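A.B. asks: My questions concern the predicted model and sequence given below.
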Amino acid sequence: MSANASSLEKKLENAARLRTWKSQTNLSQVPVNQFGKAARKTICEMLKIPTSTVGTNDELFTLFKTLDDELDEWRKQPNRKGVPKTSLTAELQDECRALRSAFAEQGTAMKLLQYLEDNGISLRTVPISRP
């Protein structure tokens, strides 16, 4: 009996997590799949909900169906707005700058290695030891 109670509790917790997330998330920020529907796998991973339960948990199924319907209606609105680029937090913008800088440094290092290889300097050989 406790196994059934436990699974029922998990079903209710999962549905509550999705319901809370849905109420706190703008439609423009909902991840969508290639068909324009809510990306169930992505959302479930974000909320730590097993994706296999979407088909077996009626409440999850209904919440996702409602979300899909809301997305369809939202897309039909002529004045809908996506997420503006300026909505990124300063922290995320700093992280993006740092990543771009790191990629640029890696690109420079790769160009140097390619130059050395192209000009006959093999970095794969064992260096000659000098006295």
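C.D. replies: Yes, it's here.
A.B. asks: domains in the protein, as residue ranges please.
C.D. replies: 2-76, 88-131 (automatic domain parsing).
A.B. asks: How far away from the center of its chain is the first one?
C.D. replies: Just to be clear, that refers to domain 2-76. Relative to its chain's centre, domain 2-76 lies at 15 Å (CA atoms, centre = their mean, to the nearest Å).
A.B. asks: Find me the pLDDT at residue 42, would you?
C.D. replies: We have a pLDDT of 90 for residue 42.
A.B. asks: just checking, it touches residue 31?
C.D. replies: Yes - contact between residue 42 and residue 31 holds when scored by CB atoms under 8 Å: they sit 4.4 Å apart. In short, each C-beta sits where N, CA and C put it, glycine included.
A.B. asks: Return the distance of residue 31 relative to residue 45.
C.D. replies: For residue 31, the distance to residue 45 equals 10 Å [CB to CB, to the nearest Å].
A.B. asks: Check residue 111 too.
C.D. replies: Look at residue 111 and residue 45: by CB to CB, they are 37 Å apart.
A.B. asks: One more: residue 89?
C.D. replies: 22 Å.
A.B. asks: so how far is the top helix by length along the chain from its chain's centroid?
C.D. replies: For the chain, the longest helix by residue count, based on DSSP state H, is helix 90-118. Computed by CA atoms, centre = their mean, the chain-centroid distance of helix 90-118 equals 23 Å.
A.B. asks: Give me the below-cutoff pLDDT ranges for the protein.
C.D. replies: Applying pLDDT under 70 to the chain flags residues 1-5, 80-88, 121-131.
A.B. asks: And the helices in it?
C.D. replies: Using DSSP H, helices in the chain cover 2-24, 40-47, 58-76, 90-118.
A.B. asks: Quick check: which helices or strands does the second one pack against?
C.D. replies: For helix 40-47, the contact count by 3 or more CB pairs under 8 Å, 6 or more residues apart in numbering; DSSP states H and E identifies helix 2-24 as packing neighbours.
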